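Peer 1: this one's structure only:
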């Protein structure tokens with residue numbers, strides 16, 4: 001398909017920008033900032049394929065301003081001009097290493113329309129508000145590319161929309177770095193969109209707000225979190241296993257589950273974020289109503305310095321005691337409870353808002369987690385396969401019962417389901433594919449080993465070094481488990497001679513979905529960590 005058939009030039013208030021057609025009834029996607037600071041009633045669009053100009057209505061429904069998502073929708077009435085086609089949307093998950101192309105109207109002299117191309121680096125980056133971004137590398141993409149589609153040439157579909165182009169830092173780096181809003185976010189804002197190959201599973205990736213539609217099996221957890229916040233709006237501590245559903249709480253808050261929470265600003269951060277301390281110190285009595293969600297909170301005890309930990313606890317105490325407009329939600333693994341209660345100023349707040357998430361998960365919940373997401377995208381399992389996978393999950397070395405399991409196996413099940421979905425045939429997840437991936441317990445080991453042995457033999461010691469450097473060793477005597485360790489990428493370079501090789505190996509491991517790379521937009525520092533604790537267990 002020629003993706004230019006779906007490109008439009010947007011003209012509003014003497015501004016020129018780019019958008020693309022996403023449905024046959026004339027729905028067009030672009031970035032909110034392409035239209036300006038505030039939502040306009042109308043704008044004009046010119047179709048690249050036909051040259052025809054039409055007036056378009058800027059929809060109030062689905063509008064997300066620059067600070068709340070930066071997405072806008074326009075609608076043209078009537079039949080689309082001849083030759084114009086809606087661009088198919090595809091899942092952005094599993095991307096990394098592929099090439100992309102795009103097309104924009106950046107206002108370059110007399111030229112009306114410029115192509116761009118580059119490489120998709122994958123997920124990991126996010127906005128300060130916690131919304132996920134797709135990272136790109138391109139020598140052409142600049143600020144003028146906002147609203148343009150990220151067209152995956154191999155799969156012939158749009159996997160994102162360009163939203164940010166990074167500026168060069170003082171060392172002249174990052175000039176080829178850009179970010180896109182994933183199609184999953186567009187789908188979450190406008191569920192009527194058809195995403196042709198939307199993967200309903202998240203491999204080892206953490207669930208985010210845009211994935212809330214696929215969070216099944218433990219909805220009662222979100223009900224408990226909402227009920228606790230209704231009783232005590234200022235503070236909530238969530239102790240439980242990884243992936244306990246915090247991301248599904250955010251849409252409930254945006255929908256007004258707590259009185260007036262639909263008007264709250266929501267900040268998602270973690271102690272190792274470069275902007276973490278700035279976020280805390282920047283909040284005060286004059287701040288608008290804001291929910292600050294810190295996840296994983298245990299990083300405060302495993303990764304940051306003693307001085308930074310003391311400063312953070314002091315700021316959190318100040319916020320809770322003096323800033324009534326702030327709602328603080330902390331999410332941490334329950335095996336770090338003893339470390340938390342050593343900080344006396346925070347302990348009294350536990351009596352006001354605490355939810356302990358049981359690590360136990362029932363067979364029924366596991367089957368629901370397997371079946372419901374794939375049903376949501378119109379697919380299914382061969383007869384009895386989902387139940388067989390759950391049986392295998394409940395008979396791993398972690399389990400003692402065939403009816404109740406530990407949530408520690410959820411990442412393994414989710415990873416196996418993702419591998420199975422990637423091998424689906426005619427909308428069906430098959431037993432043959434399940435045998436190929438060696439089942440729930442074998443697929444992660446198989447995947448990691450395959451990635452490792454694709455490296456040249458002389459590169460493998462560097463791979464081992466990188467993974468070792470990304471582990472924070474625990475202390476059995478103090479009941480502190482081993483955990484993932486988030487590191488600044490440049491700190492992993494032991495000498496200048498190996499810098500290029502380290503970056504090359506890291507990129508391959510990110511593409512293999514074993515490591516995840518993030519970048520803070522303000523500090524421009526890239527960080528790296530293992531994608532999930534399951535890599536430590538398996």
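Peer 2: Now that the structure is in, tell me what you want to look at. Since the model is a prediction, treat every value here as computed from it, not as a measurement.
Peer 1: after the one helix or strand residue 364 maps to, next one along is what?
Peer 2: Using DSSP states H and E, residue 364 falls within helix 363-376. Sequence-wise, the next helix or strand downstream of helix 363-376 (DSSP H and E) is strand 380-381.
Peer 1: tell me the strands beside that next one, with direction?
Peer 2: Strand 380-381 sits in its sheet next to strand 428-429 (parallel), going by DSSP bridges.
Peer 1: so what's the residue count around residue 33?
Peer 2: Using other CB atoms under 10 Å, residue 33 has 18 other residues around it. For every residue, glycine as well, the C-beta is placed using N, CA and C.
Peer 1: isn't it up against residue 146?
Peer 2: Yes - here residue 33 reaches residue 146: they are 6.4 Å apart, a contact under CB atoms under 8 Å.
Peer 1: bridged to the residue nearest to the spatial centre of the chain, which residues?
Peer 2: Geometric centre of the chain, nearest residue: residue 132, 3.8 Å, by CA atoms, centre = their mean. Beta-bridge pairing for residue 132 (DSSP bridges): residue 126.
Peer 1: strands along the stretch 251-400 of the chain, start to end?
Peer 2: When secondary structure is read from DSSP state E, counting those that start in this stretch, the stretch 251-400 of the chain shows strands at 265-269, 290-294, 326-332, 354-356, 360-362, 380-381.
Peer 1: which of the ones you listed sits most buried?
Peer 2: Most buried of the strands of the stretch 251-400 of the chain by mean neighbour count (mean count of other CB atoms under 10 Å) is strand 326-332; its value is a mean of 24.
Peer 1: hmm, who's touching the helix ranked longest in the chain?
Peer 2: The residue-count maximum for a helix in the chain (DSSP state H) belongs to helix 306-322. Applying CB atoms under 8 Å, 6 or more residues apart in numbering, the contact partners of helix 306-322 are 234-235, 271, 276-277, 280-281, 283, 285, 292, 300-301, 304, 326, 328, 343, 345-346, 349.
Peer 1: which parts of the stretch 351-500 of the chain are helices?
Peer 2: Taking DSSP state H, counting those that start in this stretch, the helices of the stretch 351-500 of the chain run over residues 363-376, 385-393, 410-421, 431-436, 439-453, 460-469, 499-511.
Peer 1: before we move on, what about the stretch 101-250 of the chain?
Peer 2: 183-189, 219-231, 246-254.
Peer 1: and the second one, which residues are buried?
Peer 2: Residues of helix 219-231 classed as buried under the neighbour-count rule (16 or more other CB atoms under 10 Å) are 221, 222, 224, 225, 226, 228, 229.
Peer 1: roughly how far out does that helix sit from the chain middle?
Peer 2: Taking the mean of its C-alpha atoms, helix 219-231 sits 23 Å from the chain's own mean (CA atoms, centre = their mean, to the nearest Å).
Peer 1: what residues does it touch?
Peer 2: Residues outside helix 219-231 that contact it (CB under 8 Å, 6+ apart) are 236, 238, 244-246, 248-249, 252, 257-258, 327, 329, 353-355, 357.
Peer 1: just those residues now: which is nearest residue 486?
Peer 2: Residue 486 has its nearest neighbour among the contacts of helix 219-231 in residue 246, at 17.9 Å by CB to CB.
Peer 1: ok so, going back, nearest to residue 23, out of the helices of the stretch 101-250 of the chain?
Peer 2: Nearest to residue 23, of all these, is helix 183-189, at 11.4 Å by CB to CB.
Peer 1: could I get the average pLDDT for the closest one?
Peer 2: Here helix 183-189 scores 88 as its mean pLDDT.
Peer 1: do the same with stretch 282-298
Peer 2: According to the model, stretch 282-298 has a mean pLDDT of 89.
Peer 1: can you tell me the distance between the two ends of it?
Peer 2: From its first residue to its last, stretch 282-298 covers 22 Å (CA to CA, to the nearest Å).
Peer 1: over to stretch 35-48?
Peer 2: Start and end residues of stretch 35-48 are separated by 18 Å (CA to CA).
Peer 1: quick one: buried residues of it?
Peer 2: Within stretch 35-48, the residues scored as buried using 16+ other CB under 10 Å are 35, 36, 43, 45, 46, 47, 48.
Peer 1: and if you look at stretch 381-388?
Peer 2: Neighbour counts over stretch 381-388 (16+ other CB under 10 Å) mark 381, 385, 386, 388 as buried.
Peer 1: for that stretch, give me every contacting residue.
Peer 2: For stretch 381-388, using CB under 8 Å, 6+ apart, the contacting residues are 367, 370, 371, 374, 428, 429, 430, 431, 434.
Peer 1: any idea how far residue 280 is from the residue lying closest to residue 333 once chain neighbours are set aside?
Peer 2: Leaving aside its sequence neighbours, residue 333 sits nearest to residue 298 (CB to CB, 6 or more residues apart in numbering; 5.4 Å). From residue 298 across to residue 280, the span is 17 Å (CB to CB, to the nearest Å).
Peer 1: neighbour count: these two, which is higher?
Peer 2: Legend: neighbour count by other CB under 10 Å for residue 298 and residue 280, higher for residue 298 (24 against 21).
Peer 1: what residues are up against the more buried one?
Peer 2: So residue 298 contacts 332, 333, 336, 339, 483 (CB under 8 Å, 6+ apart).
Peer 1: tell me how far it lies from residue 152.
Peer 2: Counting by CB to CB - residue 298 and residue 152 are separated by 36 Å.
Peer 1: per-residue pLDDT of the residue nearest to residue 192 when sequence neighbours are not counted, please?
Peer 2: Spatially, and ignoring its direct neighbours in sequence, residue 192 is nearest to residue 23 (7.6 Å; CB to CB, 6+ apart). As predicted, residue 23 sits at a pLDDT of 90.
Peer 1: so residue 23: helix, strand or coil?
Peer 2: coil (DSSP: H, G, I helix; E, B strand; the rest coil).
Peer 1: just the pLDDT at residue 73, thanks.
Peer 2: Note for residue 73: predicted pLDDT of 95.
Peer 1: still on that earlier bit, so which of the contacts of helix 219-231 is the closest to residue 501?
Peer 2: Residue 501 has its nearest neighbour among those in residue 246, at 37.1 Å by CB to CB.
Peer 1: what's the pLDDT at the closest one?
Peer 2: pLDDT, residue 246: 61.
Peer 1: can you check residue 5 too?
Peer 2: The model reports residue 5 with a pLDDT of 93.
Peer 1: same check, this time on residue 522
Peer 2: Looking at residue 522, its pLDDT is 53.
Peer 1: which stretches of the stretch 401-538 of the chain have low pLDDT?
Peer 2: In the predicted model, the stretch 401-538 of the chain carries pLDDT under 70 at residues 401-408, 426-427, 519-524, 534, 537-538.
Peer 1: return the distance of stretch 423-439 from the chain's centre.
Peer 2: Distance of stretch 423-439 from the chain centroid (CA atoms, centre = their mean) equals 26 Å.
Peer 1: same thing with stretch 437-456?
Peer 2: Distance of stretch 437-456 from its chain centroid, counting by CA atoms, centre = their mean, is 24 Å.
Peer 1: can you list the buried residues in it?
Peer 2: So for stretch 437-456, counting by 16+ other CB under 10 Å, buried means 437, 439, 440, 441, 443, 444, 447, 448, 451, 452.
Peer 1: can you lay out those residues as CSV showing distance to residue 67?
Peer 2: Listed next are the buried residues of stretch 437-456 as CSV, based on distance: CB to CB, whole Å:
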residue, distance to residue 67
437, 42
439, 45
440, 41
441, 44
443, 40
444, 38
447, 38
448, 39
451, 38
452, 42
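Peer 1: now render the buried residues of stretch 381-388 as a markdown table, adding pLDDT.
Peer 2: Formatted as a markdown table, these follow (pLDDT from 0 to 100):
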| residue | pLDDT |
| --- | --- |
| 381 | 94 |
| 385 | 95 |
| 386 | 94 |
| 388 | 93 |
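Peer 1: where does the residue lying closest to residue 347 once chain neighbours are set aside fall, phi/psi-wise?
Peer 2: In space, residue 347 comes closest to residue 341 once its chain neighbours are excluded; the distance is 5.4 Å by CB to CB, 6+ apart. Main-chain torsions, residue 341, degrees, to the nearest 10: phi -70, psi 0.
Peer 1: this completes my enquiry, with thanks.
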